[in-house]
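Novice: Need coordinates for the below:
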Amino acid sequence: MVTSAAISSNTGHLSLTWQYDGDFLVSVEAESCGFSGHADGHVADDEFKQFVSSLKDLERTRQGEATFSSAMPGDFEVSIRSLDSQGHLGVQGKLYFCDYGSRYGHVNQLTFCFEFDPSDLAAFIKSVDA
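Specialist: Numbers count the residues shown, from 1 in each chain. The predicted structure is shown next:
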């Protein structure tokens, strides 16, 4: 079963799609200020579950962060976190792609960040925690 969740603002978009096979096979798509990228990778079961738990804490307190990254270093990193003491929230992360077909093995990278409306977090959590 494939599951997905997304969060957007007027300056960015994050989309997660995953399926469970003992670990989570996750596809991350991000767009920020006109730049976009995509990366796939496995996330350990306990790390993804901790991400969901941290998201719930973040929604309740509007402080802290929820993060996860691919089990293989260099695929992706995603963080949803508080930006200040007033409860503003943002998304940040990095997506990587290594072109192994190239003679030089170029590594492409997208670093993204954007703020979003904190009221959108509940729907995101509901999708992630399904």
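Novice: Contact partners for the residue nearest in space to the middle of the chain?
Specialist: For the chain, the residue nearest the mean C-alpha position is Val78 (3.7 Å; C-alpha atoms, centre = their mean). Val78 sits next to Leu14, Leu16, Val28, Thr67, Phe68, Ser69, Val91, Gln92, Gly93 when contact means C-beta atoms under 8 Å, 6 or more residues apart in numbering. All C-beta atoms are positioned from the backbone trio N, CA, C, and that covers glycine.
Novice: My guess is Ile59 contacts Ile125. True?
Specialist: Ile isn't right for residue 59; it's Glu. Yes - counting by C-beta atoms under 8 Å, Ile125 is a contact partner of Glu59 at 6.1 Å.
Novice: picking that back up, ok, and the residue nearest to the centre of the chain, which helix or strand is that part of?
Specialist: Mapping Val78 onto the secondary structure by DSSP states H and E places it in strand 76-82.
Novice: Strand partners (parallel or antiparallel) of that strand?
Specialist: Looking at strand 76-82 with DSSP bridges, its partner strands are strand 65-69 (antiparallel), strand 89-98 (antiparallel).
Novice: Could you pull up the residues touching the closest residue to Asp23 other than its chain neighbours?
Specialist: In this structure, Asp23 finds its nearest non-sequential neighbour in His42, 4.9 Å apart by C-beta to C-beta, 6 or more residues apart in numbering. Residues near His42 by C-beta under 8 Å, 6+ apart: Asp23, Phe24, Leu25, Val26, Ser70, Ala71, Met72.
Novice: Kindly state the beta-bridge partners for His42.
Specialist: Leu25.
Novice: what sits up against stretch 108-119?
Specialist: In contact with stretch 108-119 (C-beta under 8 Å, 6+ apart) are residues 7-9, 11-12, 14, 30-33, 35-37, 62, 83, 87-99.
Novice: With that, I have no additional questions.
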